[in-house]
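K.L.:
Structure for this input, please:
(2 chains)
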Amino acid sequence: MLDKRDPLSSIELALSEEISRVVNDIGISLDKREIKFDETPDRSLGHMGTSIGFKLAKEMRRSPEAALKEIIERMNKIEGVENFIAKGGYLNVKLDVPLISREVIEAATKGHLGRGLFSGNVMVEHTSANPVHPLHIGSGRNSVIGDTLARILSFIGYNVRRHYLVNDCGLQSAYIALGKSIINDKPKGKVDHWYGLIYAAVNQAIELKKGNKEAEENLRRIRERDPELVDSIVSRIMNMEDPEKEVYEILRRYQKGEREIKSLLRSSAEEVIGGFMQTLRRIGVEHDEYDWESDMVWSGLVEKVALMLKPYVSVDDGAMYLDMNKAREKGVKVPENLPDRFYLSRSDGTWLYTMTDIAYSYKKLVEIGVDRCYNVIGAEQTMEQQQVKVGVALLGLDPDRIVHLGYELVSLAEGEMSGRRGIYITVDEVLDETAKRASKLVAGRDVGEDVSEKVTVGAFRYAMLSIDPKKKLQFSWNRVLNLEENSGPFIQYSYTRAASILRKAGYIPEEYDTSLLSSRLEEDLVLLMARIPKVLRDSVNLLRPDLIVQHANEMAKKFNKFYEEIPVISSEKNIRDARLKLVEAFKESLGSLMDIAGIPRMERM
RNA sequence: GGGCCCGUAGCUCAGCAAGGAUUAGAGCGGCGGCCUCCUAAGCCGUAGGUCGCGGGUUCAAGUCCCGCCGGGCCCGCCA
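P.N.:
Numbers count the residues shown, from 1 in each chain, chains lettered A, B, ... in the order given. Purely as a prediction, here's the structure:
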């Protein structure tokens, strides 16, 4: 029996097992895992093949083709396979396309394809941007990658929690609190943008006081957005004795939980997070929980975990650090390249993010109790993540339950973004600009009114997602505003074409004959759908959520060709029924990939 | 100095995890076509590449190994 959720893989598995059995029978060792199938370059050679002939030739002292023929002779029939072809060093397989088509179409239309392949409890921590300025496109990439990973995991059967770590116990938050404490204004405009301005102004004012020339120019630029506000911040800070010392003092009192500072800082951070939520909701991102760093400090969790680490901690001028040599003595695997010291606290007694991060890992794995947590965090923190994992191991937990999905930052053609200098492109403005472009295109069409917003979200998420996370993403307006091929809207368009055919036909056939789907294009569409479960598995194993949109793009491209070349509604009844069913399966399977990637579905556009 | 990552058409990227049947693929941009026919946000054709360089392993290397070169990140009592 073929696996309803993944027919193609079950055929491949049966093939590998059978081939390795036969090969082993004649005295040659060949593990089934060494047998992998690739597409053939030419359909006349079969659908897929494996190049084991070269290895066999050597062992059997025959030509590759002769060796393969002998193997094929001895093989049993396998469900889903029509016949075998030995060609060169390749053992090729011609699939029973009508059978596979039926399996795949049934699975796709019932929504089984790729579903429920795994089980367990996992967490994805993503976004986790510091609440000091609006989400910029770098955070946007994080959100989209993280949210898509979570959706994949959920689709393939895991129980998934999405968490956001609010970093409000760092120095950056204290800058905001300092700024807030010296002004009387109420937020103007979107609240996170307003706080972003305060953050940049405080930073640059302090730089100015320290005599940094560059600060003057930065302030001139920042000032344009709200001269009065920026001026008052600058003048107050210039009059302060030692503003930086104030910042540290604010942080110290905040971590101690002093009421006055608490209400000042925490409420500012909460307002910013509120702004983030608006933006995130717009791009389809929601978290199950916002975990506040301050809560972990105030509740004593951080203290408790620090105590557990005490045997491996040394102190330097009052500051605690994890001693990697002590960790090594304990028998924990510590990568060679890590520094000997991993500081956990400052001399003034405040915790560093490193310590709260270890405590947070403890919370995830023990208190919440997930099997595994994927941390979507910038690649620049790779070493910090390794250090945290050492801490996790010292707590007696398997460090591999923490998985770092590191992604490269988003850069601008003009240079890097910088929150401190107030240089960034926000998610909000990218979305607004894209929406403008999209609504121009939609104007005058008879489609629903939320189409341009759906197009915007599709375009944005595709643009943020479509590149391998470990490669830098160079932001360009062109990339996001591209509504043509190789974009979110391209996929959406293909989907609406399928929808349009089904709508015009007005019915879905009960009976259909898959042997009538005999064209190359129809066969290709079925095979593309059949590969979806593998794409889902790969995207998780390789930490490559971009594979999802790549595959969706391939499917859309293939369907557009089908749409242009193969008539559905006007064809003869039996053929029409088979094709309609294929279109339905395509629509549902592409739709499921769109759901996973967060690219909104539309019936018209 | 040490560690990690990247280097494929003018530009942006797939392909590298599991080496194979290519004459290395897309998109954008260029040039030329296709709407009395299921939405042209589409389709077709065409031009464009010493897969950074040099060695090695192999019957076979864009893919694996070593060494270089170029770019990025990290090696904070920042996050």
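K.L.:
ok, and the residue nearest the centre of chain A, which helix or strand is that part of?
P.N.:
By C-alpha atoms, centre = their mean, chain A has its centre lying nearest to A:I145, at 2.2 Å. Assigned by DSSP states H and E, A:I145 belongs to helix A:137-155.
K.L.:
which is the next helix or strand following that helix?
P.N.:
Helix A:137-155 is succeeded, C-terminally, by strand A:159-166 (DSSP H and E).
K.L.:
now the helix holding A:I145, how far from the centre of its chain.
P.N.:
How far helix A:137-155 lies from its chain's middle: 3 Å, per C-alpha atoms, centre = their mean, to the nearest Å.
K.L.:
Report the inter-axis angle for it versus strand A:159-166.
P.N.:
160 degrees (axes from the mean of the first three to the mean of the last three C-alpha atoms, to 10 degrees).
K.L.:
Give me the below-cutoff pLDDT ranges for chain A.
P.N.:
Residue ranges of chain A with pLDDT under 70: A:449.
K.L.:
Quick one: neighbours of the closest residue to A:F559 other than its chain neighbours, just the number.
P.N.:
Counting by C-beta to C-beta, 6 or more residues apart in numbering, A:F559 lies nearest to A:S494, which is 4.9 Å off, once chain neighbours are set aside. To be clear about C-beta, it is placed using only N, CA and C from the backbone, and glycine gets the same treatment. If you count neighbours by other C-beta atoms under 10 Å, A:S494 ends up with 25.
K.L.:
The residue nearest to the centre of chain A: what's it in contact with?
P.N.:
Shown in contact with A:I145 (C-beta atoms under 8 Å, 6 or more residues apart in numbering): A:H126, A:V376, A:L405, A:Y407, A:M464, A:L465, A:P469, A:P545.
K.L.:
mind running it again at 6 Å?
P.N.:
A:V376, A:Y407, A:P469, A:P545 (C-beta atoms under 6 Å, 6 or more residues apart in numbering).
K.L.:
all strands for the stretch 301-450 of chain A, in order.
P.N.:
A:313-316, A:319-323, A:341-343, A:372-378, A:402-407, A:410-412 (DSSP state E, counting those that start in this stretch).
K.L.:
could you dump the ones you listed to TSV with mean neighbour count and distance to A:M529?
P.N.:
TSV is the format used below for those (neighbours: other C-beta atoms under 10 Å; distance: least, C-beta to C-beta, whole Å):
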stretch	mean neighbour count	distance to A:M529
strand A:313-316	13	54
strand A:319-323	21	50
strand A:341-343	19	48
strand A:372-378	22	27
strand A:402-407	21	27
strand A:410-412	18	32
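K.L.:
any chance of those strands in CSV, with distance to RNA strand B too?
P.N.:
CSV is the format used below for the strands of the stretch 301-450 of chain A (distance: least, C-beta to the nearest atom of the strand, whole Å):
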stretch, distance to RNA strand B
strand A:313-316, 5
strand A:319-323, 3
strand A:341-343, 3
strand A:372-378, 7
strand A:402-407, 8
strand A:410-412, 8
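K.L.:
Enumerate every residue touching A:D546.
P.N.:
A:D546 touches A:L465, A:S466, A:D468, counting by C-beta under 6 Å, 6+ apart.
K.L.:
out of those residues, which are inside helices?
P.N.:
The members of the contacts of A:D546 that map onto helices under DSSP state H are A:L465.
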